[in-house]
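>>> sequence and predicted structure are below.
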Amino acid sequence: AIRSSTTGRGRTVFNLANGSRNIIERRQPGLDCGLCAGADGVAADCIPVVVMGVTTTLENRLMLELRDISLAITDRVLVHPFSLAVAAGDIVTLMGPSGSGKSSILSYIGGDLLEAFTAKGDVVLNGQSLLLQPPETRHIGRLFQDDLLFPHMTVGENLLFAVPRLPKAERLTMVTTALERAELTGFADRPPHTLSGGQRQRVALMRALLAKPSAILLDEPFSKLDKSLRGQMRDYVFSHIKARAIPALLVTHDRKDAPIGGRVLEISNEGVVRDV
């Protein structure tokens, strides 16, 4: 549970159930990111706040760490050991030529690496190793080149599929709010094939966020969009990830896809990962 009390400095102290205390900027009345809900409309692990005038959420110090990760196929090394830490709200970009293993690194993090590959090293999320966990319990969201919306479901049903088990009214409210955030109000009953490419990607992002991931992996999600939509979708995706304070790892072959000012790593032809 979350309880709050206002200090004389104009800040609010949130007392968590475990007795810890976080002092943050006072929450605006009624502020809600719309993607989670608790007794007062806010989940215990997701506190919308306003910091320097920007709405964001604090997710209990989310951190994605890759420790001495390496990748090989048969007896050929694709990626030599490297380590990386991605903090909450940060978007780190991993670049490399086609076939360099960058998407396979994401598969290793997500727990669905093909058997043809051999990977070593630890994947740690919020201080806990994920290596022995199946993909469905890792709490990692994915956004791919293709939106992968279920064609036999409506837009609303696609979103509802990702919502955690809650009372029906709460789940429907979360879907409605997500559509509003995606500027797709009234699209709940539409089949996915009637949407534009940009609209479908927005639905895919909302579906990934509705599952309340602790980290998100972006596997060249902008590569199939028209040039006119690409920049717009980049800004849209990055702003939502930062607002949710989720660590994100983006793989791409296009430097323009990397967020401005963000860390960029590149896999060389020799399989060495370096900052660029």
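Alright, I've got the coordinates. All of these numbers come straight from a predicted model, not from anything done at the bench.
>>> what kind of secondary structure is Gln201 in?
Following DSSP: H, G, I helix; E, B strand; the rest coil, we place Gln201 in the helix state.
>>> that one against Leu225, yeah?
Yes - assessed by Cβ atoms under 8 Å, Gln201 is found in contact with Leu225 at 6.9 Å. Using the backbone N, CA and C atoms, a C-beta is placed for each residue, glycine as well.
>>> who touches both of the two?
Met233 (Cβ atoms under 8 Å, 6 or more residues apart in numbering).
>>> more neighbours: those two, which one.
More crowded of Gln201 and Leu225, by other Cβ atoms under 10 Å: Gln201, with 26 against 19.
>>> low-confidence stretches in the stretch 51-200 of the chain?
Within the stretch 51-200 of the chain, the stretches with pLDDT under 70 are 51-61.
>>> that one: strands as residue ranges?
Counting by DSSP state E, counting those that start in this stretch, the stretch 51-200 of the chain has strands at residues 54-58, 63-73, 76-87, 91-95, 117-125, 128-129, 140-143.
>>> and those: which comes nearest Thr252?
Closest to Thr252 of the strands of the stretch 51-200 of the chain is strand 91-95 (Cβ to Cβ; 6.1 Å).
>>> off-centre distance for the closest one?
13 Å (Cα atoms, centre = their mean, to the nearest Å).
>>> same check on stretch 96-114?
Distance of stretch 96-114 from its chain centroid, counting by Cα atoms, centre = their mean, is 17 Å.
>>> for Met95, give the beta-bridge partners.
In this entry, Met95 is beta-bridged to Thr252, Glu266, by DSSP bridges.
>>> dump the residue contacts of it.
Residues near Met95 by Cβ under 8 Å, 6+ apart: Lys102, Val251, Thr252, His253, Arg255, Ala258, Val264, Leu265, Glu266, Ile267, Val276.
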